[in-house]
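S.K.: Mind folding the following:
(one chain, ligands or ions: 1)
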Amino acid sequence: MKQFYVTTAIDYANGKPHLGHAYEKVLADVISRFQRMEGRTVHFLTGLDEHGQKVQQTADKEGVEALAYCDQMASKFQDLIKDLNISNDDYIRTTEPRHKKVVQQILQDLYDKGEIYKAEYTGFYSARAEQFLQEKDQVDGKWPEIYGEVVEITESNYFFKLSQYQDWLKDYIENNPEFIQPNVAANPVKRFLEDPINDLCISRPKERLSWGIELPFDTDFVTYVWFDALINYISAVGYGTDDFKKNWPADVHVIGKDIVIPAHGIYWPIMLHACGIELPKHLLVHGWWLMSGAKMSKSIGNIIDPLSLVEQFGLDPFRYYLIRESNGFGDSNFAYESFVMRYNNELGNDLGNLVSRLLNMGARYCEGKVPAASVTEDPEKELQSLWNETAEAVLPLYQSYQFHTALDKLFVFIRGINRYAELRQPWKLAKSEDPKDRAILETALMLMAESLRLSSLLISPVMPQVAERIHELLGISLPETWQGQLEWGSSLEGKTLGEKTILFPRLEDSLA
Ligand code: MSP
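M.R.: Sure thing, here's the model as predicted:
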C-alpha cells in the first residue's frame with residue numbers, strides 16, 4: 001500500500017540553521033504525526049542541499065574541502081532535527097551517491113529525448129541567487145538587493161526546454177486547484193505564467209563551478225542548484241526501482257513562499273511531466289517568520305537560534321508557539337512577548353492548571369484514582385457535546401493543514417473543561433455529606449480526566465511529549481493511533497493518577 005509521503009525543502013548547507021528552518025521541520029512533523037495518528041504509514045523526508053557556488057565559496061573561505069564543510073553542516077542540521085523531536089524517516093544529502101545517480105539518470109533521459117540542448121547565452125548573472133536574471137527582474141531600473149552583485153556574462157551551457165510546457169502547466173494549475181495550497185499561493189504562479197517563460201539553464205562550466213553533479217553527456221559541465229536539489233524528492237525514495245511507487249507521488253511538499261516561483265511551482269512540475277513522472281499531490285506553502293518586520297536570513301543577520309529558545313522554554317511549548325502563532329501563508333512575527341503570553345495563558349492557565357487541579361483533587365478526594373461517573377445532567381451533556389463538536393471541527397482542520405485554527409478550536413474545548421469544573425466545584429462538594437454531591441464530585445473528576453485524555457490526543461501531533469506525559473498522569477499510555485480512541489467515554493475508571501505536577505511553570509513576564 002502506498003505510504004503517505006511528506007517532504008520539507010532541503011536546507012542550504014551554507015548557513016546555520018535558524019527559526020525558519022526549525023518551523024518548516026516542525027510543520028512537516030505535525031503533518032506526519034497527524035497522519036500516523038490517523039492510522040496511515042508515513043514516509044517523512046528532509047535533508048540538505050549541498051552543491052553550488054556559495055557552498056564552495058564558504059568552504060574555500062574556511063580553508064576546508066567542500067565535502068568536509070558539508071559534513072559539519074549536515075551534523076548541525078541533524079542535531080536541530082533531533083532537538084526538535086522531528087520524526088523523519090530519512091535524511092537526504094545531495095552529495096550522496098543515491099542522489100547523484102538519479103540526477104544523472106534524469107539528465108540522460110531528458111537529453112536522449114531531446115529535451116535538453118546546448119546553446120550560447122549572454123545574460124545578467126547573480127552569484128548570490130546563482131541564476132541568470134532578466135531585465136524584468138529589475139525594480140526601478142535596479143537589481144533588487146536579494147540578487148547581490150549582478151554581472152553580464154557569456155557562456156555555453158545546457159538548457160532544458162521549459163518554455164514548451166508553459167501552456168500545459170497553465171492548464172494543469174487551472175484544472176488542479178488543490179495542487180498549490182493554500183489557494184492564494186497559486187495566484188503568483190498563475191501571474192508568472194501570463195508572460196512567456198524562458199528555457200532553463202541547467203549547467204555550469206566546471207571551470208566556474210566544480211561543486212556540482214557532472215552532466216553524464218558532457219563531463220566539462222556540472223548541473224547546479226534546482227536541477228540537482230528538486231530531484232532529492234524522488235532520488236531519496238528510489239526512483240527507478242520498484243520501491244518508488246511505495247511513496248510516489250508525494251502527498252505534500254512543505255515549502256516556504258520564497259521557493260514557489262520558479263522552483264516548485266514552475267520547474268518541478270515541468271521536469272516531472274517531461275520525464276513522464278506523476279506530479280506531487282500538493283505543495284503546501286508557508287509564510288515567513290519575521291523579526292522586526294524583516295525575514296530572518298543569513299544576510300540580514302537577525303537570526304534567532306531556535307535551540308536557545310528550546311533550552312529556555314522547553315521543546316513542546318516552542319513547537320506549540322510556532323504552530324499556534326504562525327499565520328499559514330501569511331508572515332508571522334516572532335516576539336518573546338507573545339511567546340510568554342501564549343505560554344502562560346494557554347499552556348499554563350488553560351491546560352496546565354487543569355491537569356494540576358485534577359491530580360490534586362484526585363489525590364485528596366479519591367485516593368489518587370480516577371473515580372466512576374454516574375451523573376448525566378446538563379453540564380455533563382454540554383461538555384460531551386462540546387467535545388463532539390471539537391473533534392468534528394479539528395480533524396478536518398488538521399487534514400487541510402490549518403493547524404493554528406485547529407489549536408484554537410481545541411483550546412476552546414480546554415477552556416470548556418475549566419468552565420465545567422468551575423460549575424461543578426468539586427472542591428466545595430467535597431465538604432458535603434450528601435451522597436448526590438459525592439456522585440457529582442466523582443463524575444466531575446472522571447469527566448475532567450476523560451476530557452484531558454481526549455484533548456491530549458488531539459494535541460499530540462503538535463506536542464507529542466506533553467501528550468505522552470498527560471496520558472501517563474492519567475495512568476495510561478499514548479496510543480500509536482487515535483482510531484477508536486476519540487470517542488467520549490473511555491474506561492479511565494480506576495486508573496492511578498500521577499503525582500501532583502506543574503506541566504508549564506509560569507514564565508516571568510520580565511523574560512519578554
Ligand atoms: N535549498 C533550497 C530549497 C531546495 S528544495 C528542493 C532552500 N534552502 S533554504 O535553506 O534557504 O530554505 C529552506 C526552507 O526554509 C525553505 O522552504 C524556506 O522557505 C524556509 N525558510 C527559510 N527562511 C525562512 C523564514 N524566515 N521563515 C520561514 N521559513 C523560511 O531554499
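S.K.: use CA for all of it now, contacts and neighbours both
M.R.: Fine.
S.K.: So which bits of stretch 91-110 are buried?
M.R.: For stretch 91-110, a neighbour-count test (16 or more other CA atoms under 10 Å) marks 92-95, 98-100, 102-108, 110 as buried.
S.K.: repeat for stretch 326-338
M.R.: With the criterion 16+ other CA under 10 Å, stretch 326-338 contains buried residues 326-329, 331-334.
S.K.: hmm, it touching the ligand?
M.R.: No. Figure legend: stretch 326-338 not in contact with the ligand (CA under 6 Å from any ligand atom); closest approach 7.9 Å.
S.K.: Could you tell me how far that stretch lies from the centre of the chain?
M.R.: Relative to its parent chain, stretch 326-338 has a centroid offset of 15 Å by CA atoms, centre = their mean, to the nearest Å.
S.K.: which intervals of the stretch 401-512 of the chain have sub-threshold pLDDT?
M.R.: Low-confidence regions of the stretch 401-512 of the chain, defined by pLDDT under 70, span residues 509-512.
S.K.: now the buried residues of stretch 326-338 as JSON lines including distance to Gly276 and pLDDT?
M.R.: Output for those, formatted as JSON lines (distance: CA to CA, whole Å; pLDDT from 0 to 100):
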{"residue": "Ser326", "distance to Gly276": "36", "pLDDT": "93"}
{"residue": "Asn327", "distance to Gly276": "36", "pLDDT": "79"}
{"residue": "Gly328", "distance to Gly276": "32", "pLDDT": "85"}
{"residue": "Phe329", "distance to Gly276": "30", "pLDDT": "89"}
{"residue": "Asp331", "distance to Gly276": "35", "pLDDT": "92"}
{"residue": "Ser332", "distance to Gly276": "38", "pLDDT": "92"}
{"residue": "Asn333", "distance to Gly276": "41", "pLDDT": "88"}
{"residue": "Phe334", "distance to Gly276": "42", "pLDDT": "85"}
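S.K.: and the closest residue to the ligand within the stretch 151-300 of the chain, what are its bridge partners?
M.R.: When distances are taken as CA to the nearest ligand atom, the stretch 151-300 of the chain reaches nearest to the ligand at Gly256, 3.0 Å away. The residues paired with Gly256 through beta bridges, assigned by DSSP bridges, are His286.
S.K.: Closest one of the buried residues of stretch 91-110 to Leu383?
M.R.: Ile92 (46.5 Å; CA to CA).
S.K.: Is there a neighbour count for Arg208? I'd like the number.
M.R.: Counted with other CA atoms under 10 Å, the burial measure for Arg208 works out to 10 neighbours.
S.K.: for Gly114, that is, sorry about that
M.R.: Taking other CA under 10 Å as the criterion, the count of residues near Gly114 is 11.
S.K.: now do the one 4 residues further on
M.R.: Using other CA under 10 Å, Lys118 has 12 other residues around it.
S.K.: and the strand or helix carrying it, how far out from the chain's middle?
M.R.: Of the helices and strands defined by DSSP states H and E, Lys118 is found in strand 116-126. Chain-centre distance of strand 116-126: 35 Å, with CA atoms, centre = their mean.
S.K.: Whichever helix or strand comes after that strand vs the ligand: in contact?
M.R.: Beyond strand 116-126 in the direction of the C-terminus, DSSP H and E gives the next helix or strand as strand 131-133. No. Contact of strand 131-133 with the ligand is not found when judged by CA under 6 Å from any ligand atom; the minimum separation is 13.2 Å.
S.K.: Strand 131-133 - contacts with which helices or strands?
M.R.: Secondary structure elements in contact with strand 131-133, counted by 3 or more CA pairs under 8 Å, 6 or more residues apart in numbering; DSSP states H and E, are strand 116-126.
S.K.: Would you list the strands that the strand it packs on pairs with, along with their directions?
M.R.: Strand 116-126 has its sheet partners listed here by DSSP bridges as strand 131-133 (antiparallel), strand 150-160 (antiparallel).
S.K.: contacting residues around the longest one?
M.R.: Read that as strand 150-160. By CA atoms under 8 Å, 6 or more residues apart in numbering, the list of residues contacting strand 150-160 from outside reads 115-127, 143, 199-205.
S.K.: so which of the residues you listed are also by the ligand?
M.R.: The overlap between these and the neighbourhood of the ligand (criterion: CA under 6 Å from any ligand atom) is empty.
S.K.: and the stretch 251-400 of the chain, which of its residues are near the ligand?
M.R.: Applying the criterion CA under 6 Å from any ligand atom, the portion of the stretch 251-400 of the chain that neighbours the ligand consists of 255-259, 287-290, 295-296.
S.K.: can you rerun that using 8 Å?
M.R.: Contact residues, the stretch 251-400 of the chain versus the ligand (CA under 8 Å from any ligand atom): 254-259, 263-264, 286-290, 295-297, 331.
S.K.: Would you list the buried entries among the residues you listed?
M.R.: Burial by neighbour count, 16+ other CA under 10 Å: within these this picks out 254-257, 263-264, 286-290, 295-297, 331.
S.K.: Now do the same contact list for the residue of the stretch 151-300 of the chain closest to the ligand.
M.R.: Residues near Gly256 by CA under 8 Å, 6+ apart: 9, 24, 285-288.
S.K.: pLDDT score for it?
M.R.: With respect to pLDDT, Gly256 has a value of 98.
S.K.: try Tyr91
M.R.: Looking at Tyr91, its pLDDT is 98.
S.K.: Let me see the contact set for it.
M.R.: With contacts defined as CA under 8 Å, 6+ apart, Tyr91 is in contact with 45-48.
S.K.: Identify the residues contacting Val462.
M.R.: Contacts of Val462 were listed using CA under 8 Å, 6+ apart, and they are 30, 316, 319-320, 323.
S.K.: Return the subset of those residues lying in helices.
M.R.: The helices, defined by DSSP state H, take in 30, 316, 319-320, 323 from the contacts of Val462.
S.K.: Check those residues against the ligand and report the nearest one.
M.R.: Ile323 (11.8 Å).
S.K.: re the thing from before, quick one: buried ones out of the contacts of strand 150-160?
M.R.: For the contacts of strand 150-160, buried by 16+ other CA under 10 Å: 115-116, 123-127, 143, 199-205.
S.K.: what's the lowest-pLDDT member of the residues you listed?
M.R.: Of all of those, Ala127 carries the lowest confidence score, 78.
S.K.: circling back: Gln166: which of the buried residues of stretch 326-338 is nearest?
M.R.: Nearest to Gln166 among the buried residues of stretch 326-338: Phe329, at 25.3 Å, using CA to CA.
S.K.: ok, the closest residue in space to Leu454 that isn't next to it in sequence to the ligand distance?
M.R.: When the adjacent residues along the chain are set aside, Leu454 lies closest to Leu486, with 6.2 Å between them (CA to CA, 6 or more residues apart in numbering). Summarising the geometry, the distance separating Leu486 from the ligand, computed by CA to the nearest ligand atom, to the nearest Å, is 33 Å.
S.K.: in the stretch 251-400 of the chain, which spans are strands?
M.R.: When assigned using DSSP state E, counting those that start in this stretch, the strands of the stretch 251-400 of the chain occupy the ranges 252-256, 282-286, 289-291, 294-295, 332-333.
S.K.: need the least confident one among those, by mean pLDDT.
M.R.: Per-stretch averages of pLDDT across the strands of the stretch 251-400 of the chain put strand 294-295 at the bottom, with a mean of 66.
S.K.: In the protein, which residue sits furthest out from the middle?
M.R.: The outermost residue of the chain, judged by C-alpha distance from the chain's mean C-alpha position using CA atoms, centre = their mean, is Glu433 at 53.5 Å.
S.K.: Where does the stretch 51-200 of the chain get nearest to the ligand, residue-wise?
M.R.: Closest point on the stretch 51-200 of the chain to the ligand, by CA to the nearest ligand atom, is His51, at 9.3 Å.
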